[in-house]
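1. Here's my sequence, what's the structure:
(3 chains)
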Amino acid sequence: MSATRDPRFAPRLAGACIDFAPEASCLEIQGLSLAYGDTPALEALSLRVPRHRVTAFIGPSGCGKSTLLRALNRLHDLNEEVVREGRILLDGQDIHAPEVSVAELRRRVGMVFQAPNPFPMSIYDNVAFGLRLQGRVSKRKRDDTVEWALRSAALWHEVKDRLQASAWSLSGGQQQRLVIARTLAVGPEVLLLDEPASALDPISTLKIEELIRNLKSTLTLVLVTHNMQQAARVSDYTAFLQGGELVEYGPTDTLFTNPRLRRTENYITGRMA
Amino acid sequence: MSDASPDTSSRRRLRQARDRLATALITAGGIGVVVAVLAIGVFLALEALPLLWLPSGTETLGLSALAWGTLEAAAWSLVIAVPLSLGAAIHSAMFMSRRLRSRLKPTLELMEALPGVVIGFVAGLVMAPWVERHLGEVFALIVLLPPGLLLAAGLRACLPYRWQRWLPMGYAGLWLVPWLLLVMATALWLSPWLEVWWFGGDLRDWLEQGLGLDVAMRNALVVGVAMGFAVIPSVYALAEEALSGVPSSLAEGAQALGATRWQTLWRVMLPAASPGVLAAVMIGAGRAVGETMIVLMASGNAALMTLNPLDGLQSLAAGIAIELPEADPGGAHYRWLMLAALLLFLFTFLVNTLAELVRTGLRRRYRQLGGNA
Amino acid sequence: MIGVWHAWRGRTPRGEGPWAWLSAGSVALSLLALAALLLLLTVRGLGHFWPADVALVTLADGQQLAGVPVREVALPGDGRERLYRTGNAELEDGVWAWVPVAAITEVEYPRELVRVERRRGDEMVGWLVGMTREDGRWIEGARAWTALQERLHVLQGLRETRDRLRETVILPHVSEREPGDGDTPELTRAYARLQELQAAMEGGRLILRAAGGERLVVPLEALQSARRPNAMSAIDKLADWSDAVWRFLTEGPRAANTRGGVWPAIFGTVLMVILMSVMVMPFGVLAAVYLNEVAHQGRVTRLVRIAVRNLAGVPSIVYGVFGLGVFVYGIGGTLDTWFFEERLPSPTFGTGGLLWASLTLALLTLPVVIVATEEGLARIPDQQREGALALGATRLEMLSRVVLPMATPAMLTGLILAVARAAGEVAPLMLVGVAKLAPQVPVDGHFPFLHLDRKFMHLGYHVYDVALHSGDLQAALPLAYATALLLVLVILVLNLTAIFLRHYLRVRHGMPSPR
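-> Numbers count the residues shown, from 1 in each chain, chains lettered A, B, ... in the order given. Below you'll find the predicted structure:
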């Protein structure tokens, strides 16, 4: 697993930068390397994700930010070609430990994808999908949870009169918020968002961003985005990845206004995009 | 919100156990089904294997006559089907209006679904007796249809442009149908004169006495026409897919250089799509070789080895259908018939695999071509 | 011709040449052939049931004959010849008569001409002279006609009662009886009743005068129906026609399959197709789910997929051979030695039957179902699967709650295509269980109700049998047309359903694309 490194780039980063431990951490990634067959995607990456904050991963296309996000949800389990080293800790427990059920992990770590992917069912059934998986819940309680989730996702007022309509009848932005509501309904602790607004129009994007800011009071959010303005607008901490490595990680304000490394600055100011 | 999820650890274990069980079941079942389906070849080979120790006698001869009949019937059906289906594919890929094309495809799919026994019935009991009595008319039809079509094109060109618009090329497949009927009627009407003119009165006598050819009522030509009819839809569908899959950039490139549509087709699209067209013909051949009921009902089931298209034949499939129920299981005749089935299986399986590989390769090529454009 | 050619060269600046037109012609020719085939089947198949007028033909030599004109052909040399179906098989020149058209001096359609359909044997044509009733009384003239209709109606009722008795009481008892047992009281009673019915049907005769003047005497119980087509109005004929179609669909065959209906064949075809669907669906879906969702997507899976796809192209007769060797002789023979030893050497499952036929066709249609289901599964975007997993669903839950429901239309399409293919297949059935004539349908009120070991009748095989193995082809041909038309209709309807379903599927699964 060796990739060619450009010697002009800064040498391997100082520990202080990577081990940056701002507050109580929720997710902790330790020396994570990942490869698709013979193609490395992530290299010895370590970082901590603080609790009840929004952390953004930015970087050029193919830098591994989406791969990293999917690793946090063990979505790579589906792909048998993927080789992994290193650990990911959720509240101090290794998510790959044999006693951890992947289904339970995914309930605790929810994920929202780039393109809205509502199931071909009614709006109500979409939100109740996860609840139904987990066994019998009284209809009353299910109704309550669905309403709560839709309210949390700021969608309730738009759909409360047509909960039985097909989820595919919603607009793209509404669909994405429905997917967020669906994820919230199972009660996750962490919410992973993979470019959640990249397929949406500006107004829908603003709504999603506002939603993200509101959700951090109860959740830990990790956001992958290629839109630096968005990262700057919504995140508390930002990690910059490039070529499968973590280049710089710090509070968003600092990273955007006063990056420590040339590579970060170049990327942020658009000199190498 | 964690109180919204009563996912206790016992339930979680249950769900996991159920999941593992289901995965194991799906795996076992899936592999089982696939193995069962693939077992056909193995079974036939095992049943035919003891033939190696049995003395081979007259059966070899019988089998070779059947194999000959199979190939002859398949060859005649391809002679009929290939020009028609490729012509139809070319027309619908290059010239036909999109609307008509979207209607034509399901129609031909329906044609593919017509059961062999019905086609065989019409061929063996309606067409064969008619052809036997009207050889001259059949000949006239074959000879006069192509010029009749060209005459339609020529007449259309003579019309004022205003009228030509009512007969667009895109719908030629439709408005030529009544014209064809007219041509056919003319050909039937002209045929007695043609027969007198070319064959001195009676085509049948001319064939039997002049060329020494036997004319059987149910013959290879009837089988060929009927089976060609059955094979046209599948060859058409695959050839059309190959032709319309050619990246449009290629055709546009050629037309931008001033090529006509036909030149574009001939110089650019057909070479690009040729593997797919070949695969289509191969799959048609596979179907023709294995078709049972048409041959059974339209061929006369005489195991002859002649080149005469007007004589009867018997194919492997028809021989199996007639003789296997009476054969003593385990006996020599039974094993020979098993060998016949094995031959059919191997032939069609290999031909289809080859065609499939060609098509996969072609699709990859199209993607690359499309990507570069 | 040359002028046309020049006009063409001149008018089209750089014409497409002759080939473009020939290719268009091949489309037209294919469509024409298809239309001609369907038209032929429809006209001949449905026309058979139309009560055609009976012509009374007077020839130049003063001879008369009455019959239904069938067709006309050109004679070698000059002139034409017309075929009349004259019926009256007991006369010397009965049933068919070829008449030179030139020799016909007059054709009339007298209203009183009667066509009588017999239960066995050919129909009769002539003038009604009179009839003796079952009690021996002689009736003549117009009253004879009404009396005849009444009596035929009564006879029909008696026959139905008799058939019901035979089917529901006698046959089950006889098949249950051990060899050597005497008749049970119930059976004795049934036999007595049967004889009573038989006796009630006997007696009475119809006397007709043929066109040539001969007198024809026929017992009333041998008759099926009598009509005067020349006196019927179009509406009467239409009613008669729909009645005949209905009877064709609901009655059993008579007279070695050359008369009567095809109900047992419809029943056998449908039952076999249902059994086949029950067997093919679970396994086909299982294999498709395994190949698409569970198996490692490597070289082996790819090869297996190609192999399965190609099995759809393997000739159906090969599947029949496999079914005969493995199911009938292999498994069936073994079952017989284990469970039905007392009946050997006459086989129970060791011969072709409903079970083996539907199993063979299930195997034959497996590739169709697998391919269609796999296509449906492949069309579902991976985001849907990831979405379900991200909510904490296990693989089973993801499959059963999201993936399979979305693939349902594809599975249905596969099933319908499989059914359409199976309904038309005849060759493998000839090896594994179809019968020329199976008087007992495989379902009855007698335990175990569904008799999987019985042979059955099939529409496609019926066409083959009637067309190739009937004694009087001219008489049987219309029936073969009608059966073929029925088979084609069933298959066309199934295929159209599949086409519409696929269209619906494309529309519904064109996921709303986020802009």
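2. residues from chain A in reach of chain C?
-> On the criterion C-beta under 8 Å from any C-beta of the partner chain, chain C has as its neighbours in chain A the residues A:73, A:75, A:78, A:80, A:103-107, A:110-113, A:115-120, A:129-130, A:132-134, A:168, A:172, A:175-176, A:179, A:182-183, A:186, A:199-201. (C-beta placed from N, C-alpha, C; glycine too.)
3. Now list the buried members of those residues.
-> Buried members of the residues of chain A next to chain C, counted by 16 or more other C-beta atoms under 10 Å in any protein chain shown: A:73, A:75, A:103-107, A:110-113, A:115-120, A:129-130, A:133-134, A:168, A:172, A:175-176, A:179, A:182-183, A:186, A:199-200.
4. residues contacting the residue nearest the centre of chain C?
-> Central residue of chain C (C-alpha atoms, centre = their mean): residue C:459, 3.2 Å from the mean position. Residues in contact with residue C:459 (C-beta atoms under 8 Å, 6 or more residues apart in numbering or on different chains) are C:262, C:265, C:266, C:269, C:423, C:483, C:486, C:487, C:490.
5. try it again with 6 Å
-> Contacts for residue C:459 (C-beta atoms under 6 Å, 6 or more residues apart in numbering or on different chains) come out as C:265, C:269, C:483, C:487.
6. Which of the residues you listed sits closest to chain A?
-> Using C-beta to the nearest C-beta, residue C:269 is the member of the contacts of residue C:459 that lies nearest chain A, at 35.4 Å.
7. who touches the closest one in this structure?
-> Each residue near residue C:269 by C-beta under 6 Å, 6+ apart is listed here: C:458, C:459.
8. Ok, residue B:188 next?
-> Residue B:188 touches residue B:137, counting by C-beta under 6 Å, 6+ apart.
9. does it count as helix, strand or coil?
-> helix (DSSP: H, G, I helix; E, B strand; the rest coil).
10. what comes up buried for stretch C:462-479?
-> Applying 16+ other C-beta under 10 Å to stretch C:462-479 flags C:462-468, C:470, C:475-479 as buried.
11. Can you pull out the low-pLDDT segments for chain A?
-> A:1-23, A:78, A:271-273 (pLDDT under 70).
12. Just give me the residue right at the centre of it.
-> By C-alpha atoms, centre = their mean, the most central residue of chain A is residue A:192, 2.4 Å off.
13. again, but for chain B
-> By C-alpha atoms, centre = their mean, the most central residue of chain B is residue B:231, 2.3 Å off.
14. any idea how far that residue is from residue B:75?
-> Separation of residue B:231 from residue B:75 (C-beta to C-beta, to the nearest Å): 12 Å.
15. and what of residue C:487?
-> Remark: distance between residue C:487 and residue B:75 (C-beta to C-beta) = 29 Å.
16. try residue A:235
-> As judged by C-beta to C-beta, residue A:235 and residue B:75 stand 72 Å apart.
17. quick one: which of the contacts of residue C:459 is most hemmed in?
-> Neighbour counts for these, by other C-beta atoms under 10 Å in any protein chain shown, peak at residue C:483, which reaches 31 neighbours.
18. Pull the number of nearby residues for the residue in chain A positioned nearest to chain B.
-> At 3.7 Å from chain B, residue A:187 is the closest residue in chain A, using C-beta to the nearest C-beta. Residue A:187: 23 surrounding residues under other C-beta under 10 Å.
19. for chain A, what spans make up the helices?
-> A:15-18, A:65-72, A:102-108, A:123-133, A:139-152, A:156-159, A:172-185, A:202-215, A:228-234, A:252-257, A:262-268 (DSSP state H).
20. Quick check on residue 269: phi, psi?
-> Assuming you mean chain A. When quoted as degrees, to the nearest 10, the phi and psi of residue A:269 stand at phi -80, psi 0.
21. that's the wrong chain, I meant chain C
-> Residue C:269 has phi and psi values of phi -60, psi -50 when expressed as degrees, to the nearest 10.
22. Can you list the low-confidence ranges for the stretch 251-373 of chain B?
-> Checking the stretch 251-373 of chain B against pLDDT under 70 turns up B:370-373.
23. Return the residues of it in contact with chain C.
-> B:260-262, B:286, B:290, B:292-293, B:317, B:320-321, B:324-325, B:329, B:341, B:344-345, B:348-349, B:352-353, B:356 (C-beta under 6 Å from any C-beta of the partner chain).
24. again, but for the stretch 1-150 of chain B
-> B:15, B:19, B:22, B:26-27, B:29-30, B:33-34, B:37, B:40, B:43, B:47, B:84, B:87-88, B:90-91, B:106, B:110-111, B:113, B:115, B:117-118, B:121, B:125, B:149-150.
25. Now the buried members of those.
-> In the residues of the stretch 1-150 of chain B next to chain C, the ones that pass as buried (16+ other C-beta under 10 Å) are B:15, B:19, B:22, B:26, B:29-30, B:33-34, B:37, B:40, B:43, B:47, B:84, B:87-88, B:90-91, B:106, B:110-111, B:113, B:115, B:117-118, B:121, B:125, B:149-150.
26. Of those, which are in range of chain A?
-> Applying C-beta under 6 Å from any C-beta to those, none is adjacent to chain A.
27. Name the residues that touch stretch B:265-279?
-> B:94, B:239, B:242, B:243, B:246, B:250, B:254, B:355, B:358, B:359, B:362.
28. Also stretch B:132-151?
-> Contacts of stretch B:132-151 (C-beta under 6 Å, 6+ apart): B:131, B:183, B:187-188, B:191, B:194-195, B:203-204, B:217, C:18, C:21-22, C:25.
29. So which of those residues sit within helices?
-> Those of the contacts of stretch B:132-151 mapping onto helices are B:131, B:183, B:187-188, B:191, B:194-195, B:203-204, C:18, C:21-22, C:25, per DSSP H.
30. Output the residues you listed in a markdown table; the columns should cover pLDDT.
-> Output for these, formatted as a markdown table (pLDDT from 0 to 100):
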| residue | pLDDT |
| --- | --- |
| B:131 | 83 |
| B:183 | 89 |
| B:187 | 86 |
| B:188 | 84 |
| B:191 | 81 |
| B:194 | 80 |
| B:195 | 78 |
| B:203 | 72 |
| B:204 | 73 |
| C:18 | 76 |
| C:21 | 83 |
| C:22 | 85 |
| C:25 | 88 |
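31. top of those by neighbour count?
-> The residue in the ones in helices among the contacts of stretch B:132-151 with the most neighbours, by other C-beta under 10 Å, is residue C:25 (29 neighbours).
32. who does the longest strand anywhere in chain C touch, helix- and strand-wise?
-> Secondary structure assigned by DSSP state E gives strand C:64-74 as the longest strand of chain C. Contact analysis of strand C:64-74 by 3 or more C-beta pairs under 6 Å, 6 or more residues apart in numbering or on different chains; DSSP states H and E lists strand C:55-59, strand C:80-87 as its packing neighbours.
33. if you set the cut-off to 8 Å instead, what comes out?
-> With contacts taken as 3 or more C-beta pairs under 8 Å, 6 or more residues apart in numbering or on different chains; DSSP states H and E, strand C:64-74 sits against strand C:55-59, strand C:80-87, strand C:95-100, strand C:124-132.
34. Let me have those in CSV, extended by distance to chain B.
-> Formatted as CSV, these follow (distance: least, C-beta to the nearest C-beta, whole Å):
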stretch, distance to chain B
strand C:55-59, 24
strand C:80-87, 12
strand C:95-100, 14
strand C:124-132, 25
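35. how about those in a markdown table, adding distance to residue C:218?
-> Shown next, in a markdown table, are the helices and strands packed on strand C:64-74 (distance: least, C-beta to C-beta, whole Å):
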| stretch | distance to residue C:218 |
| --- | --- |
| strand C:55-59 | 20 |
| strand C:80-87 | 11 |
| strand C:95-100 | 15 |
| strand C:124-132 | 7 |
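36. Mind checking these for the one nearest to residue C:173?
-> Across the helices and strands packed on strand C:64-74, residue C:173 has its closest neighbour in strand C:124-132 (37.0 Å, C-beta to C-beta).
37. If you average the pLDDT over the closest one, what comes out?
-> Throughout strand C:124-132, pLDDT has a mean value of 83.
38. how many other residues sit next to residue 233?
-> Picked chain A for this. Using other C-beta under 10 Å: residue A:233 sits among 18 other residues.
39. meant chain B, my bad for not saying
-> Counted by other C-beta under 10 Å, the residues lying close to residue B:233 total 25.
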